[in-house]
Every structure is written in C-alpha cells, then in structure tokens.
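Student: Return a 3D structure for these sequence lines:
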Amino acid sequence: MASWAAAGAGPAFPQAEGGGAAGPRGGRFPFPYTPYRIQEQFMEALYGALEAGRVGIFESPTGTGKSLSLICGALSWLRDFEEKKQQEEARILAPEASGQEGKTQPASAGPGHPESSGAAGEPEWVTAFVQKKEEQDLVDRLKEEQIRRKKREERLERIRHNVQLKYAAKRKRSEEDETKRLLQLSKEFFSEGDGVDVLEQLDHNEEELILAEYESDEEKKVVYGLEADDDDLEEEHVTKIYYCSRTHSQLSQFVHEVQKSPFGKETRLVSLGSRQSLCVNEEVQRLGALQLINDRCMEMQKNKHEKKSHEENEGKKRRVSRTVCPFYSYEQMQFLRDEILVEVKDIEQLVALGRETKACPYFGSRYAIPAAQLVVLPYQMLLHEPTRSAAGIKLKDQVVIIDEAHNLIDTITCIHSAEVSGSQLCCAHSQLLQYMERYRKRLKAKNLMYIKQILYLLERFVAVLGGNVNQNPSCQAVSQTGTVLKSINDFLFQSQIDNINLFKVQRYCEKSLISRKLFGFVERYGGTATAVKTNKENQKLAGLQNFLLTLQQGPNKEGTPQSPPMEAESDQLRTASPLMQIEGFLSALTNANQDGRVILNRQGTVGQSSLKFLLLNPAVHFAKVVEECRAVIIAGGTMQPVADFREQLLSCAGMDPARVVEFSCGHVIPPENILPIILCNGPSNQQLEFTYQTRDLPQMMDETGRILCNLCNVVPGGVVCFFPSYEYEKQVYAHWEKMGLLARLAAKKKIFQEPKKASQVEQVLVEYAKCIKRCSQAGGQMTGALLLSVVGGKMSEGINFSDDLGRCVIMVGMPYPNIKSPELQEKMTWLDRTMPRAAGQAPSRVLIENLCMKAVNQSIGRAIRHQKDFASILLLDHRYARPATFNKLPQWIRERTQVKPAFGSAFAEIRKFHRGKLDAL
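Tutor: Take a look at the predicted model:
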C-alpha cells in the first residue's frame, strides 16, 4: 500500500518513459490562476495514479479547490494520453503509408503473450503468419478508428461554426409539428358519430393496460434495439473519465468549474441524469414518481418500435391506439447528441436545449457517451450495475472519479438494499388480483403464469410476517413481535418460495412493465380525478393514495372501494404502485447468500411490519467497477479514517494492496485561522463523558448549557452546536428551558433548531443567516445566533457555515451509532467473521469507532470554507484525547488541536482567538 501526504516527498509512482517523474506535457498543469502548492501536489499525485492505473484515495479539505484540481489534473492526463495514442498510431501506420513493411507491435504483445516461435511446438512459418495477420488486423483497426475520429471531428466542427445547420434542424422539426397538427384537425373535422367514437376511444385507451405477449430471453430470437436508421448513433467508446458525485447540484457545480477551467472550450462533456431530471415530455413529467416516469417512458419507446409491425400485421383489423413520445426522434437526437459534444452544458442547459430542439435530452445525452471525454453522472448510475448497463456506460479500461466519497460504503449498501411493508405487500396483492380477474380472458398463458407466481410470492411474504394476504393488514395483530435476521436461503425456505426462479420473475417484471400497467389500472378504476390531475404546487396524494389504502381492505360486494381509512397519510407525495418497490426487494433476493441478510421486522400489526434486505458486503458490487476500470479515484474533503475504504471495499473486492495509493493534503488556511480544542472538563469541573449512561444526567446537561453560555459571550456571529441525535437535542433543550439556561443563552444569541423535515431546512438556514447579518450591523447586546444541529442530519453535510455563519463549531459528546440496531449488529458479526483483527482490535469495534469519527469529521469541517475563513472548534468529551480516536481526526485539524483538561484555560484561548481576529478585521 503506497501512502503519502502532501507535505512529504511526493508520490511514490513509477517513473514515466524518459526517466522523469510522471507528469503533464511541458511539466505544468493548465490552471485558471496560479495554483496553491497543495493543488500542484494533488494534481501531480492524481496524474501519476491515472498513468500507473492505480486505485487512489484522495483527501483534500473543502475550500482547497479540490474540484478544479481534479479537473485540471485528470484532463491533463487525458490530453497527454490521447496524444501518445495518436503518435503510436502514426508510428504504426507510417510504413503502411509509404508502402514499406514496417515492424508493428502486434495487438496481443505484452506480458503473458509470448511472441517467440515454437512455444507450442508450431513451425516458424505458422507463427510468422499469425503475427503478420495480427499486425494487419491492428493496422486495419487503427485506420477505421482514424476515419471514425475524423468524421466525428468534422461533424462537430461544422456544427460549431455553421449556425445555419442548427436552425435548419429546428425549422424542419417545427414544419413536421405543423403538418401533424393539420392532420389531426382534418381527422377531427371528418369524424362523425361523436358518441360512438368516445366510447371506442376509451376502449382503445384501456388496451394500453393489457400486458403484451411475453417471451423470455431463451425464446426470443430478435431483441428490440435501435432501428436501422439509428446505426449512426452507435459509436466506439473513446478513453474517457467518468466523474460522479452525490447530488445534481454538486454535479452542476462541477460542470460550471469545467466551463471556467482552461479545458472548458475543448472538452467533450456529457451530463447524465435520471428521466426525472431530463424528461421534457410534460405528460410524463406530471407522473411525479421516478419509477412511474421510467415505466411510462419505456412503454412509449416500446410503442414506437412496435408501431410499424402493428401497422403491417393488423391490416384491416381495428388498430390499437398506442401513445409514442414526440421527443423520441432519432434525427433530432442525433442533432442533440452533436450539440452536447460541441459545447460543455449542465443539466439545466441540456433540458433547455432539448425543449428547443424537441429532442429527448435523456436519450440524446446517452447517445453522446461513446464520443465524450468527460461524463458527469450521479452515484446511482455508476454504482448500480443494471442502471449502468441501461445507460450504455462501458467501464472497460476507463477512468472513474468518485467525488464526495466519504459515505461511499453506505451509499453502495443503500443502493442495493430494499424494504417493503406488510401494507404494501397486501395492497399489491389486492391490485394484481383484481387486474388479473378483469383481464383474465385477454392475457396470454405466459402472462397469467407469471402473475400467479408474483401473487404467490406476495402471499408467502405476508404469511412470513404472520398475516393473511386477504385480510386488512391494519387489523391483523402480529402474535410474535420483534426483529429476526435470516440468510437469503433460510428466508426463501421459510417462505416456501425456494422452488421459484426469482431471476426469471425479476426479468419478467422488468420486461413486461407490469407495475406500470398495474398503476394505470389502479389510476383508471380507483382514484378520483384529483389523482390524475395533480398540479405541481400540490402533488399530494388525494384519491389515489386513499384508494391504495382501501385496497388493503378489499372491495365490497359491488366491486367499488370502501370508504378510505382515516389514517391515510395526507402529506405523502404521489407514489407509484407498491409493486414497483416490491420488485426492488425481489431483485435484492438474487444476491449471493453470504453477502446479505433478510430482516423480518414484526411490529404491532401486519401493516406496520416489514421485510428488509440488508447488503452486508458492498465490495461485491464495487469489485466490478474496480476490475473493469483502468484507474479509480475515490476523493472527498474528509476521507479520514480511510481504513474502512481499504478493508471493507478494496480488500474485500480482492484488490492487490500494491495497487492502492493514498493522498492527503493540508488546508490552504494559515494555522492561526483555526483553533481546535478537546475539552475534558466543564466550568464546574464536571468530567465531560457523554456515554448513553451519563449523558441524561441533569449535571451533564447543565454543564453543557454553562459551556455554551460562556462561549456565546465571546464568540461573534454564528455558533453551530452538534448533538448526537434529534432525541438528545430535544431532551437537552427542554432541560435548559426548565432550568432557565435557555433564557440566558437567548439574551446573547437567537436560538434556532434543526428541523426534522428536509423541506424546512432551507427556511431555518435563511432566518439564521438573516439574524447574524442583522446583529453584526446593528451592534447591541445580541451578537448573533446559535444553531442546534444533529450529527448525520441535514446540516452536518452539504451545508456551508462559512465566515460569520460558523465562527465556532461545538460537538457535544461522541456520536456513536446505536449498537442495539439489528442491522448494525449483523454487520458487526459479519465483519468479525470475515475480516482480520487490526492492531489487536476486533473489526466490529473499529467499525463503530470509524462510523463515529467519520460523522464528527464531516460535521466539524463545515466551518472552514475558504482561505481567509477562521473558526474555533470545540470537542466536548475527554475521550477525543485518546490516541486511537485523536489520530482519526483530519490531519489539518489534528496538527493544530490542543487538549485542555480545564475549562478556564480553554475559554481564555477561545476569547483571545476571537478578539485577535476581530481586531485584525
């Protein structure tokens, strides 16, 4: 395992050809301004890792220009790589061009591919012939690549410089639209017998709810793909960099950084997103839920492919009216693809262009992937293999950069875990049963077979929870409450479904779009009009959600739904059919037996109970990424402690430790701009140890209040105080209110509490910032605001408390996870069984420490956001001073941390620090 810090002697990478250290052409990285020394070191290390094909764990604190360093370092390497490749091509093709027989390097030459004759006892002329053929094949392939590249460059150049081409395509599209509109008007004009037509149209619409004849992959001879006129959209994948981050806003920010960088004009960049972000068909967007949008889009696509064959085969028979998407036009998508590649665009610009050109941005961006040099995409699309292949992403010999990766292990675990409630299982069963009864005569045998299998699975899942699928789940009490964990195989045996091929059922759900058909059925027969025509301001569930809930009780004799139960969740957003979520659970059950567990969570009623699949080994899914890629970079502002990444992800994925490198750099702020203190005792000499046993004691809560009162007297602007949980924060707040400490705090700082609802976070932050600004301008007794936050909450990640918003960050206690959680206990057991002990400590103990310190590091890093920022950091618990814990703090904080046994000296340091800063302003 190679490892180094920026302050050290530099990367221990192999030397590049020519004897010099691996680095960019000309020795300097293009950069929009003079880079900090740590940025240069970061780029050098990154370039070296990509050149040597390593897996790198890179840490660069927020505020040090990490995004720009990633862009300039990685794109410098890509530029040099492409140049070297073209030089090599030219060298191989040169003898061909001059008519000579040059000595070319055969494609298979290299380690493990001996060229010498007679190795397998073959005559030399055979070996020579094979070698000659390999050389010729290589030359032919390179020629093809050159022609393709030249064509693409010419095409993009024409678009770049010929504005008329753009308008010609747009004009053609609007002419087509006008023709369609006139055609529709003439049809309406000539149609007679309105009443009959309306009835027939309703009947036609209902045809869309019926499942098409299903063929499994073994039976299928022809697979639907791109049409013949779509060949031009399929291209060879060039070497590229896949950059992924957690949120669309982080990705947009990254794209803007690329636009501002020296590479902004020449890089072919594609932004990928979900259909929810990229769809420009308003009818589909109105569906709201991602799964519904996905299914509707795929259905419309399928309709387009089937349209021609329907027209040819049905002849004089009544044709079924099937909706196709007007934005799914190959010609327009080709044009959009080229527009994307010509100029760097973020998601918003891509959507605007899609609307303007009447082409689908979702598919247009996917068709741009092969020729792109930089692909920007969310975690889910890269880390989830089915999503990755559906998007046309090929990782073979490519570079992957995963940014904001501090939660990478949790992210992979969450993406591949799934949970379904008893209510959802009963609801889906009831819906599917009614669907089957209504269309039984119209459904083919294979569809009926799979529907019956799914109904049986749902019935068995409810039985395992202790219920009956035909009764209201809210009224069925569970006899044996509690949580039970089972291996996948044990769960399948107990459920009596081990004889069903879940892979085939999963494939059927995916290909037949059954959940989409089911949702259409429920929407048509169950909900009131409000379920369909929801507006954007009020996408609450009205008729539909109530109907889904009434299905749990079953229909009454007339077949109409019973009155909706009173406990319907009025604030729940419009959701898809529960079958969509159940499909995710079925998919999870196809994991290997040792890599996951099924959690049976039996609560008061069957409806409240749930089945959850927990992935224990995220490495199995990450291994595929690491194996295929040329190089993988895992980057973040706070990556400490990195042992989790090394052991749980890379070692478990079978990674050779020699291929893994670490890089960690300091911060750009001067040492005097940060004051981290570990406080061991409070003002009344009470030892600070916030364990589960001691933290509820009145004296501990009083001591915390007194510390805050003292600090609020000397810290200007905003103070952010992090608690281990929402419950503890509420408990402390109530105690302070009762003891009068809250009133004392409120005299100096206006108090804000972090809300539990994500939708309210923005409003609280705006009010908090306004209050600080008002106080700094007005002067007076009130000096700012105090924000009571929660570790792991909305404000401990992704929110910047820069400048006056966070002059002091306080961490109350150590936020250890709840070790009584069955999921965590199972993970600990699994680690102890599969991982070696580290430095005498059990892997489960290391996991708990690491989870705690990751959360701490993420929270305390919120305050320092740029070079001139300053803040004090206070860790309230003597246990932070233990060497093993202390060493898990980020290096740039650890180097400047003071351990203070007494409150008096800590308070004096903090007062001196903030006074000095105010005087300097």
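Student: Tell me how far Thr357 lies from Ala371.
Tutor: The gap separating Thr357 from Ala371 is 18 Å, by CB to CB, to the nearest Å. To be clear about C-beta, it is placed using only N, CA and C from the backbone, and glycine gets the same treatment.
Student: do the same with Leu455
Tutor: Separation of Leu455 from Ala371 (CB to CB): 47 Å.
Student: do Ile409 as well
Tutor: From Ile409 over to Ala371 the distance is 33 Å, taken as CB to CB.
Student: Likewise for Ser610?
Tutor: 45 Å.
Student: cool, Asn447 as well?
Tutor: Relative to Ala371, and taking CB to CB, Asn447 is found at 40 Å.
Student: Val270 belongs to a strand?
Tutor: Yes - counting by DSSP: H, G, I helix; E, B strand; the rest coil, Val270 is located in a strand.
Student: Quickly list what it is bridged to.
Tutor: Beta-bridge partners recorded for Val270 (DSSP bridges): Val375.
Student: That one: how many residues sit nearby?
Tutor: 25 (other CB atoms under 10 Å).
Student: I'd say it and Pro370 touch.
Tutor: No - checked against CB atoms under 8 Å, the pair Val270 and Pro370 is beyond contact range at 9.7 Å.
Student: which SSE is Asn303 in?
Tutor: The secondary structure element spanning Asn303 is helix 290-314 (assigned by DSSP states H and E).
Student: which is the next helix or strand following that helix?
Tutor: helix 330-342.
Student: Which other helices and strands does that next one contact?
Tutor: helix 124-161, helix 163-190, helix 347-357, helix 361-367 (3 or more CB pairs under 8 Å, 6 or more residues apart in numbering; DSSP states H and E).
Student: Could you give me the buried positions within it?
Tutor: Buried residues in helix 330-342, counted by 16 or more other CB atoms under 10 Å: Tyr330, Gln332, Met333, Gln334, Phe335, Leu336, Arg337, Asp338, Glu339, Ile340, Leu341, Val342.
Student: ok, now stretch 290-300?
Tutor: Gln291, Leu292, Ile293, Asn294, Asp295, Arg296, Cys297, Met298, Glu299, Met300.
Student: thinking again about what came up before, going by mean pLDDT, which of the helices and strands packed on helix 330-342 comes out lowest?
Tutor: With a mean of 58, helix 163-190 has the lowest mean pLDDT of the helices and strands packed on helix 330-342.
Student: Okay, Val342 and Lys260: tell me how far apart.
Tutor: 18 Å.
Student: same question but for Pro578, I mixed them up
Tutor: Distance of Pro578 to Lys260, given as CB to CB: 46 Å.
Student: now His237
Tutor: Counting by CB to CB - His237 and Lys260 are separated by 27 Å.
Student: out of these two, which sits in the more crowded spot?
Tutor: Neighbour count, other CB under 10 Å: between His237 and Lys260, His237 has more, with 16 against 13.
Student: Of Ile409 and Ala371, which one has the most company?
Tutor: Ranked by neighbour count (other CB under 10 Å), Ile409 and Ala371 place Ala371 first, with 23 against 20.
Student: The more buried one: helix or strand, and which one exactly?
Tutor: Counting by DSSP H and E, Ala371 is part of no helix or strand.
Student: That one reaches Leu341, doesn't it?
Tutor: Yes - between Ala371 and Leu341 there is a contact under CB under 8 Å: 5.8 Å.
Student: can you tell me the helix or strand for the spatially closest residue to Ile893 that is not a sequence neighbour?
Tutor: The shortest distance from Ile893 to any non-neighbouring residue, by CB to CB, 6 or more residues apart in numbering, is to Pro676 (5.1 Å). Per DSSP H and E, Pro676 falls inside strand 674-679.
Student: List the contacts of stretch 912-921.
Tutor: Contact with stretch 912-921 is made by Leu675, Val714, Val715, Pro716, Arg807, Cys808, Phe870, Ser872, as judged by CB atoms under 8 Å, 6 or more residues apart in numbering.
Student: Return the set of buried residues in that stretch.
Tutor: Going by neighbour count (16+ other CB under 10 Å), the buried part of stretch 912-921 is Phe913, His914, Lys917.
Student: Are we agreed that the second one is in a helix?
Tutor: Right, His914. Yes - inclusion of His914 in a helix is indicated when three-state DSSP is applied.
Student: my guess is Thr605 meets Cys426, correct?
Tutor: No - with contact defined as CB under 8 Å, Thr605 does not reach Cys426; the gap is 10.8 Å.
Student: the more surrounded of the two?
Tutor: Using other CB under 10 Å as the criterion, Thr605 and Cys426 rank with Cys426 on top: 31 against 20.
Student: in the stretch 251-400 of the chain, what spans have low per-residue confidence?
Tutor: Judged by pLDDT under 70, the stretch 251-400 of the chain has its weakly predicted residues at 304-322.
Student: What about the contacts of stretch 912-921, which are in strands?
Tutor: Per DSSP state E, strands hold the following members of these: Leu675, Cys808, Ser872.
Student: quick check, nearest of the residues you listed to Met381?
Tutor: Nearest to Met381 among the ones in strands among the contacts of stretch 912-921, counting by CB to CB, is Cys808 at 39.2 Å.
Student: mind checking pLDDT for the closest one?
Tutor: pLDDT recorded at Cys808 is 90.
Student: Tell me what it is bridged to.
Tutor: With DSSP bridges as the rule, Cys808 is bridged to Val719, Ser872.
Student: returning to what we had before: can you pull the residues that touch both of Ala371 and Leu341?
Tutor: With CB under 8 Å, 6+ apart, Ala371 and Leu341 have common neighbours Arg268.
Student: now the closest residue to Thr897 other than its chain neighbours, which residues is it bridged with?
Tutor: Nearest residue to Thr897, sequence neighbours excluded (CB to CB, 6+ apart): Pro676, at 4.2 Å. Beta-bridge pairing for Pro676 (DSSP bridges): Ile873.
Student: my guess is Pro676 contacts Val899, does it?
Tutor: No - Pro676 lies out of contact with Val899 (CB under 8 Å); the separation is 9.9 Å.
Student: Of those two, which one has the most company?
Tutor: Per other CB under 10 Å, whichever of Pro676 and Val899 has more neighbours is Pro676, with 22 against 15.
Student: show me the residues around the more buried one that make contact.
Tutor: Pro676 neighbours (CB under 8 Å, 6+ apart): Ile860, Ser872, Ile873, Leu874, Leu875, Leu889, Ile893, Arg896, Thr897, Gln898.
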